[in-house]
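predicted structure and sequence below. I'll ask about it afterward.
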Amino acid sequence: MTWDGRRLTIERLGSAVPRERERLRALRGFRAQVLHADGRRPEFRTAGGCYADAQEIDEESFHISVSDPADNAVVAYGRLSPAELTHHFQTRDYLGDARFHEMTVSLNTDVAGVWEAGRLVVAPQSRGQGPMAAVGAALMAMARTLDAHALVAVSGMQDRQHILWGRFGLRECPGTHGYSAHYQDDLCVVAWRTAAVVGRYETGLRALQDTLVSAATDRGVRMR
């Protein structure tokens with residue numbers, strides 16, 4: 001499937017199947033290399049020189065990527081985690097249980113209705129060229145297709161990630177701005193009620209939703 005001419009790959013991965021385990025390792029390596037940012041975040045590179053970003057929430061989340069058609073290398077990535085993985089949500093870790101619950105109430109839903117977007121990253125050479133927006137659109141279309149009531153994310157601000165989310169209608173939650181020494185970045189929590197219209201992107205999102213439903217029906221894709 002495509003968004004604005006960009007081919008999207010959507011996978012639900014676990015560690016039990018060797019092929020899925022290897023694919024997950026490669027995606028973790030890509031996002032770790034981006035997050036490492038030439039040493040700005042040294043924790044994402046091991047003493048042996050490997051890029052590493054293993055998180056428990058990766059298991060049974062949806063992994064969305066865009067690849068360069070020239071060599072099939074991943075150039076943008078994002079993760080969508082369903083409500084049953086709430087105990088691993090980065091937003092919950094960042095806010096704490098009480099504030100996370102307050103946020104769900106402010107979104108007119110409960111914990112069971114909230115899904116999380118995470119690890120939205122793009123290769124430096126592909127910034128400003130559209131692949132990150134394609135991944136963001138797919139994350140939102142997937143959330144709607146799978147009946148999430150709201151989508152939340154912890155967003156970095158130094159690389160203007162929150163600006164991209166804002167274009168798609170995810171708004172900063174009041175009182176969530178803070179600094180992370182781990183990420184060497186200012187962070188905030190952004191949220192979107194999936195019933196809300198997404199301005200000029202709404203038509204494209206609806207088309208992407210229709211494609212997702214057709215793909216799941218025709219190919220037996222494991223969506224849930």
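Yep, that arrived.

tell me, how many residues neighbour the closest residue to residue 50 other than its chain neighbours?
Beyond its immediate neighbours in the sequence, the residue positioned closest to residue 50 (CB to CB, 6 or more residues apart in numbering) is residue 29, lying 7.4 Å away. All C-beta atoms are positioned from the backbone trio N, CA, C, and that covers glycine. A total of 17 residues lie near residue 29 under the criterion other CB atoms under 10 Å.

check for me that residue 29 belongs to a helix.
Yes - Residue 29 sits within a helix when classified using DSSP: H, G, I helix; E, B strand; the rest coil.

for the lowest-mean-pLDDT helix or strand in the chain, packing partners?
Ranking every helix and strand in the chain by mean pLDDT, DSSP states H and E puts strand 2-3 at the bottom, with a mean of 78. Identification of packing neighbours for strand 2-3 by 3 or more CB pairs under 8 Å, 6 or more residues apart in numbering; DSSP states H and E yields helix 131-145.

what's the helix it packs on in contact with?
With contacts defined as CB atoms under 8 Å, 6 or more residues apart in numbering, helix 131-145 is touched by 1-4, 6, 8, 10, 62, 64-66, 75-78, 80, 115, 117, 120-122, 126, 151, 164-165, 167-168, 192, 194, 198, 201, 204-205, 208-209, 212-213, 223.

stretch 104-117 now?
Contacts for stretch 104-117 (CB under 8 Å, 6+ apart): 57, 78-83, 85-86, 89-91, 100-101, 136, 139, 143, 146, 148-153, 173, 191, 193.

just the contacts of helix 131-145: which are in helices?
Mapping the contacts of helix 131-145 onto helices (DSSP state H) picks out 164, 165, 167, 204, 205, 208, 209, 212, 213.

what is the nearest of the residues you listed to residue 158?
Using CB to CB, residue 164 comes nearest to residue 158 of the ones in helices among the contacts of helix 131-145, at 13.0 Å.
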